[in-house]
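>>> Provided below are the primary sequence and the corresponding predicted coordinates.
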Amino acid sequence: MTEIPRTPEEIQGLLLDLGEGLVHSISAWDKVVFIGIRSGGELIAKNLVRFLKNKVGIEVPLGVLDIALYRDDLTRRGFYPEVRSTDIPFGLDEKDIVLVDDVLHTGRSVRAAIDHIVDLGRPGRIYLLVLFDRSGREFPIQADFVGRRISLPDEQIIKIEASADGQTIEGLVITEVKR
């Protein structure tokens, strides 16, 4: 495992590498859509869609998924989740979805996102793209595209910080888990 990038420049470098990896791996873009998991995945997806448009000329539809009500730990958390809207302004049937999240850890968030997606349609394929893969899987879920594999104690979490305009990544914060 390698050191965790923390500066906006280091994170931007990861995003550029992910964007280049997508361009080289996906040959046909006519059925591709991006769906970011609120909120870190949404920010990463926005940046990648902007990269694809500016650098390669590919316009990719972007949607946002809120998984709060699809989580399997709702009854265990003892609080009411903040539910925000899911905004997917396109059909999902037969689409190749690039599902974007900030951190892949246990796999539970991704499982919830996939459940939500298949409730909305029947995609042709789902790719998983994450900025950080920190291992510790509880479900057999692996990312197709990874910015960086990192090591972090289970009692810590990573949060992506957005810039004031909400369009770019300002950095990240590593904090202790609230139990």
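Structure received.
>>> so is residue 34 in a helix, a strand, or just coil?
Classification of residue 34 by DSSP: H, G, I helix; E, B strand; the rest coil places it in strand.
>>> Would you agree it is in contact with residue 63?
Yes. Under the criterion of C-beta atoms under 8 Å, residue 34 lies in contact with residue 63, with a separation of 7.1 Å. Just so you know, the C-beta spots here come from the backbone N, C-alpha and C atoms, and that holds for glycine as well.
>>> Please identify which of the two sits among more neighbours.
A direct count of neighbours by other C-beta atoms under 10 Å for residue 34 and residue 63 places residue 34 higher, at 24 against 20.
>>> quick one: that one from residue 10, how far?
Using C-beta to C-beta, to the nearest Å, one obtains 22 Å as the distance from residue 34 to residue 10.
>>> do the same with residue 56
Counting by C-beta to C-beta, the gap from residue 56 to residue 10 is 23 Å.
>>> again, but for residue 139
Taken as C-beta to C-beta, the spacing of residue 139 relative to residue 10 amounts to 29 Å.
>>> for stretch 118-137, the distance to its chain's centre please.
In this view, stretch 118-137 has its centroid 8 Å away from the chain centroid, taken as C-alpha atoms, centre = their mean, to the nearest Å.
>>> List the buried residues in that stretch.
Using 16 or more other C-beta atoms under 10 Å as the test for burial, stretch 118-137 gives 123, 126-134.
>>> Give me the average confidence score over that stretch.
For stretch 118-137, mean pLDDT is 95.
>>> Can you measure across it, start residue to end residue?
With C-alpha to C-alpha, to the nearest Å as the measure, the ends of stretch 118-137 fall 22 Å from one another.
>>> what does the helix of greatest length in the chain rub up against?
Selection of the longest helix in the chain by residue count, based on DSSP state H, yields helix 8-25. The contact list for helix 8-25, computed with C-beta atoms under 8 Å, 6 or more residues apart in numbering, reads 5, 44, 47-48, 51-52, 55-56, 58, 98, 129, 131, 144-145, 147-148, 168-172.
>>> What pLDDT does the model give residue 75?
With respect to pLDDT, residue 75 has a value of 50.
>>> Find the pair from the buried residues of stretch 118-137 with maximum spatial separation.
Set against one another by C-beta to C-beta, these have their most distant pair in 123 and 134, with a gap of 26.0 Å.
>>> Stretch 40-48: which residues count as buried?
Burial within stretch 40-48, assessed by neighbour count using 16+ other C-beta under 10 Å, is assigned to 40-48.
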